[in-house]
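J.: Dropping the sequence and predicted coords here.
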2 protein chains.
Amino acid sequence: MENFTFYAPTLFAFGDGEERRTGKLVQQFGGTKALLVSGGGSVKRNGAYDAVTASLNAAGVPFAEISGIQANPRSGKVYEGIELCRKEGVDFLLALGGGSVIDTAKAIAMGTGYNGDFWDFFSGKSPITDVLSVGVVLTIAAAGSEGSDSCVITLEEGNLKWGCPKSDLIRPKFAVLDPRFTCSLPPYQTASGATDMFAHICERYFTNTADVEVTDRLCEALMKTIVSAAPKALENPGDYAARADLMWAGMLAHNNSCGVGRVQDWASHQIEHELSAFYDCAHGAGLAVVMPAWMEYVLPHDVNRFAQFAVRVWGCDMDYVHPEITAKDGIARFRAFLKSIGMPATLSEVGAKAADIPAMTAHRAEKPSAFPFGNFVKIGPEEMTAILHLAE
Amino acid sequence: MENFTFYAPTLFAFGDGEERRTGKLVQQFGGTKALLVSGGGSVKRNGAYDAVTASLNAAGVPFAEISGIQANPRSGKVYEGIELCRKEGVDFLLALGGGSVIDTAKAIAMGTGYNGDFWDFFSGKSPITDVLSVGVVLTIAAAGSEGSDSCVITLEEGNLKWGCPKSDLIRPKFAVLDPRFTCSLPPYQTASGATDMFAHICERYFTNTADVEVTDRLCEALMKTIVSAAPKALENPGDYAARADLMWAGMLAHNNSCGVGRVQDWASHQIEHELSAFYDCAHGAGLAVVMPAWMEYVLPHDVNRFAQFAVRVWGCDMDYVHPEITAKDGIARFRAFLKSIGMPATLSEVGAKAADIPAMTAHRAEKPSAFPFGNFVKIGPEEMTAILHLAE
């Protein structure tokens, strides 16, 4: 096991009706005036907006508002939010929504007190030091941003979908997780969320660090939970127990409690970020296309690890004579699972074109963390091209 | 899943050599003068004491010292530590050791600023409000107190081994976990530690709360890790990977990340506290005697849950016609595991006498949380008596 520091001081208020605590939680963590950040109309339709604003009003917390944050959140709303925070004297960001809304709130929190362009944190020009506090009321189980130290924004100029460096300063102070709000999600969004959290675990699971059984087992526990709960939530959208399992698993998948002590991979996310930057597809759907292709490409690097994945997560019988058969069977079952929950399998299903692969690869090279990326197997332009062709 | 609040803001510095960060960590969390709390001579023999005091000196953190804390920590050292903190103007408790040392530090932290007897917190006479900060350098993987909100002390007058009410105020601010320090533990202490952490998971696992798959799976992941790692650490005490797995599993077993959203049991701990109060046996050894007896006693209450334990943790084949055969097989394998790592199986092996059972039961009745205890099955005096007789 590698040395590590784990520090995840987010307070989680989990369960039906917990959003009624929001106003008091903002106060508990020092907020005197909030910016309420939200997406489209779903939080108004499912009651989350009314419950949260009522709670803020009951606690006497004044707030300004910014809404209309969309999937694959863009820099325009970040600049707008920063201006609003400065004008209104906001000292607390309250995100009401899923990963895009939370990441926008995190970026606004970084930028408000900074005398420069918030993108400097993403381009590596400036370190993250002075950040407003962020709280979350989560309405989509997927990204895990409610408990994470990371944030991904697309800079409109240049269409750059980049993450900022990981920082404990942007971990939310609190996160309210009420599974009830996720019961009204459309099936495609439920399935994309499940795929996103599964991918967050895979990025940690496929490692070259030997002898990390405790985190291997924790990863497998979360993957099995997702594989069991996602179909239940799709079959019966109001299944509270399945929604609750997905919501807690989604947080644990990305707050790094199952990823400590090991070198993580993150190649599939890097490739997917180009897909969603180019075609604005759902992040989870993009991952559903990329991950199995990445697995097939890297399988020869560590057949036994893929066999372990197959046996422990997918219940495959181990073929001790031909472990590669078991390993491939695990990937096949992963593909079948993704298909069963309605996820795309090919580039064309997310609107992507093989002809754009050179452009995506070239675009990826603009990131501060240039090629090669990934740690399980190093991915250069050639490997990225090969993986995307496997996803055709 | 039940509603819950989870807030575990402890910073974990994990790995070989991380104790060199101790002085800076004390400062990071506001300490200007520390009380270094330790046990016997083992921390001097294994290098932990020298490394930690060197780190404090290098950071310029002055410190007073109290040592000689023993297993099943007693109130005398708590009173002594409180006096010392007041006299020396200490504002930070630094525990160097295992659960007994950490719990003593927590109790001193509660009592120093309180104008009364620290036992008032344990007897329920006063709520916990004003607590000095606690940091930990862990040298025994067992109790999980390094990440927990709980603390158990024995009041010498009356020999009362009681826990204080759970409070996030007593969670350590940081915990340094260097598996290397545990490599010099004697086999009996290694095995007692593994049993203690396994028991912490069982207390959460055996629940009447339905549909909590995510935490079931996480509990099973940790139990399987312990079952795999403990024999390796006994076979080869210097096996760093096995020691690291045990150390992180022991923390996770008790910081409640795998216990949220479900009604927990804790009956075995209640019974064991009487055993160790009466006979001063190692807590883990006492649990090795009590837990299987408790399991056999409560098995009929939920055969399927014990079958799940048998199949998922112990790899038993499910007998779908006679699930109780599978359930019993799981308990038998648990017994065999405990025996294989050198743990006692009967009262007499920890020096206990069946003739004392009425006295232990009467003594248990003095606690503020009187009979019945336990939530999976309610345990009154009669049930406690029966379980102890099963352990004869």
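T.: That came through, no problem. Numbers count the residues shown, from 1 in each chain, chains lettered A, B, ... in the order given.
J.: From what I see, A:K224 and B:R217 are in contact.
T.: Yes - counting by Cβ atoms under 8 Å, A:K224 sits close enough to B:R217 to count as a contact (5.6 Å). For the C-beta atoms, the positions are set from N, CA and C on the backbone; glycine is no exception.
J.: What are the boundaries of the strands in the stretch 51-200 of chain A?
T.: Along the stretch 51-200 of chain A, counting by DSSP state E, counting those that start in this stretch, strands occupy A:63-66, A:92-97, A:133-138, A:152-155, A:160-163, A:174-177.
J.: Run me through the strand neighbours of the last one, direction for each.
T.: Here the strand partners of strand A:174-177, with direction, are listed using DSSP bridges: strand A:11-14 (parallel), strand A:133-138 (parallel).
J.: Give the next helix or strand downstream of the helix or strand containing A:A241.
T.: Here A:A241, judged by DSSP states H and E, is contained in helix A:240-252. Moving toward the C-terminus from helix A:240-252, the first helix or strand encountered (DSSP H and E) is helix A:267-279.
J.: which residues sit against that following helix?
T.: Outside of helix A:267-279, the residues within contact range by Cβ atoms under 8 Å, 6 or more residues apart in numbering or on different chains are A:72, A:152, A:154, A:159-162, A:199, A:202-203, A:281-283, A:286-287, A:289-291, A:294, A:347, A:350-352, A:356, A:359-361, A:363-364, A:373-377, A:379, A:384, A:387-388.
J.: Over in the stretch 51-200 of chain A, which residue gets nearest chain B? Let me know.
T.: A:P179 (7.7 Å; Cβ to the nearest Cβ).
J.: How many neighbouring residues does A:A365 have?
T.: By the measure other Cβ atoms under 10 Å in any protein chain shown, the count of residues near A:A365 is 12.
J.: The one 10 residues further on now?
T.: As a burial measure, the neighbour count of A:N375 was computed by other Cβ under 10 Å and equals 18.
J.: who touches it in this structure?
T.: Shown here is A:N375, whose contacts under the criterion Cβ under 8 Å, 6+ apart are A:T207, A:N208, A:V263, A:Q264, A:D265, A:W266, A:A267.
J.: ok, back up a step: deepest in the core, which of the strands paired with strand A:174-177 is it.
T.: strand A:133-138 (a mean of 28; mean count of other Cβ atoms under 10 Å in any protein chain shown).
J.: Centre of the chain to it, how far?
T.: 15 Å (Cα atoms, centre = their mean, to the nearest Å).
J.: Also compute the angle for it relative to helix A:240-252, please.
T.: 150 degrees (axes from the mean of the first three to the mean of the last three Cα atoms, to 10 degrees).
J.: Quick check: mean pLDDT of strand A:133-138?
T.: Mean pLDDT, taken over the full extent of strand A:133-138, equals 98.
J.: okay, the angle between the one helix or strand A:G286 maps to and helix A:267-279?
T.: Assigned by DSSP H and E, A:G286 falls within helix A:283-298. Between the axes of helix A:283-298 and helix A:267-279, defined by the same axes, to 10 degrees, the angle is 130 degrees.
J.: Pull out the buried residues from the helix or strand that helix A:283-298 is followed by.
T.: Toward the C-terminal end, the helix or strand that comes next after helix A:283-298 (DSSP H and E) is helix A:303-308. Residues of helix A:303-308 classed as buried: A:V303, A:R305, A:F306, A:A307, A:Q308 (neighbour count, 16 or more other Cβ atoms under 10 Å in any protein chain shown).
J.: Check the residues you listed against A:M110 and report the nearest one.
T.: The closest of the buried residues of helix A:303-308 to A:M110 turns out to be A:R305 (Cβ to Cβ; 36.2 Å).
J.: Report the separation between that closest one and B:G284.
T.: Distance check for A:R305 against B:G284: by Cβ to Cβ, to the nearest Å, it reads 33 Å.
J.: Return a selection command, for use in ChimeraX, containing the buried ones of the contacts of helix A:267-279.
T.: In ChimeraX, selecting the buried portion of the contacts of helix A:267-279, with burial taken from 16+ other Cβ under 10 Å, looks like this:
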select /A:72,152,154,160,161,162,199,202,203,281,282,283,286,287,289,290,291,294,347,350,352,356,360,361,363,364,373,374,375,376,377,379,384,387,388
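J.: partners of the lowest-mean-pLDDT helix or strand in chain A, with directions?
T.: None of the helices or strands of chain A scores lower by mean pLDDT, DSSP states H and E than strand A:160-163, at a mean of 90. Looking at strand A:160-163 with DSSP bridges, its paired strands and their directions are strand A:152-155 (antiparallel).
J.: Which positions in the stretch 1-150 of chain A make contact with chain B?
T.: Taking Cβ under 8 Å from any Cβ of the partner chain as the measure of proximity, the stretch 1-150 of chain A contacts chain B at A:1-18.
J.: ok, back up a step: OK, contacts around the residue of the stretch 51-200 of chain A closest to chain B?
T.: By Cβ under 8 Å, 6+ apart, the contact list for A:P179 reads A:G15, A:D16, A:A141, A:Y240, A:R243, A:A244, A:L246, A:M247, B:M1.
J.: if we go to 6 Å?
T.: By Cβ atoms under 6 Å, 6 or more residues apart in numbering or on different chains, the contact set of A:P179 is A:Y240, A:R243, A:A244, A:M247.
J.: same deal with A:T195?
T.: A:G284, A:L287, A:A288, A:M343.
J.: Also A:D178?
T.: With Cβ under 6 Å, 6+ apart as the criterion, the residues that contact A:D178 are A:E18, A:E19.
J.: pLDDT score for it?
T.: According to the per-residue confidence, A:D178 scores 98 in pLDDT.
J.: can you give me the mean pLDDT across the lengthiest helix in chain A?
T.: Longest among the helix segments of chain A by residue count, using DSSP state H, is helix A:213-235. In this model, helix A:213-235 has an average pLDDT of 98.
J.: Contact residues of the stretch 151-300 of chain A facing chain B?
T.: A:211, A:213-214, A:217-218, A:221, A:224-225, A:241, A:244-245, A:248-249 (Cβ under 6 Å from any Cβ of the partner chain).
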